[in-house]
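1. coordinates only, sequence not included:
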């Protein structure tokens, strides 16, 4: 995207976020939120009133409650019924001080220790 395609308001917003030290990912999130607000409003966000912002926040809340209602955990019942075994396994793993305190700083070492403990418990079952 060239500098000509960016509106002065957006350019100023990006500059302000850069001065405040926001990383690129955070900047993209804020810009996406302003874009959604602009679509909702139907005009430039610098022309918005406090009432427009309030209506947008209410609309976002309604959309969020609808989207959360549709998302359900997808897990087979046979696995869900044995969930306590997984919880018990993690409780047993915490008996090993090395794993409970995350002594290993490298992920491969931590994974190897976890697999070793899992194998030891699996053998004793």
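-> Nice, thanks for sending it over. Since the model is a prediction, treat every value here as computed from it, not as a measurement.
2. looking at it, residue 22 is touching residue 28, isn't it?
-> No. Using CB atoms under 8 Å, residue 22 is not in contact with residue 28; the gap is 9.8 Å. Yep, even glycine has a C-beta here, placed from its N, CA and C like the rest.
3. which of these two has more neighbours?
-> residue 22 (15 against 11; other CB atoms under 10 Å).
4. let me know how buried residue 79 is, in neighbour terms.
-> Using other CB under 10 Å: residue 79 sits among 10 other residues.
5. please read the previous query as pertaining to residue 99.
-> For residue 99, the neighbour count with other CB under 10 Å is 18.
6. elements contacting the least confident helix or strand in the chain by mean pLDDT?
-> Every helix and strand of the chain was ranked by mean pLDDT, DSSP states H and E. The lowest is helix 97-100, at a mean of 76. The contact analysis (3 or more CB pairs under 8 Å, 6 or more residues apart in numbering; DSSP states H and E) places helix 97-100 against helix 107-124.
7. show me how the record splits the protein into domains.
-> Here the domain parsing of the chain from automatic domain parsing is 3-70, 82-124.
8. the ones you listed: which one's closest to residue 76?
-> domain 82-124 (10.1 Å; CB to CB).
9. which helix runs longest in the chain?
-> As assigned by DSSP state H, the longest helix anywhere in the chain is helix 50-70.
10. re the thing from before, residues in contact with the least confident helix or strand of the chain: which ones?
-> Helix 97-100 has contacts (CB atoms under 8 Å, 6 or more residues apart in numbering) with 93-94, 103-104, 110, 113-114, 117.
11. could you dump these to CSV with neighbour count and distance to residue 54?
-> Shown next, in CSV, are those (neighbours: other CB atoms under 10 Å; distance: CB to CB, whole Å):
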residue, neighbour count, distance to residue 54
93, 16, 49
94, 11, 47
103, 12, 51
104, 15, 50
110, 15, 47
113, 16, 52
114, 16, 49
117, 17, 53
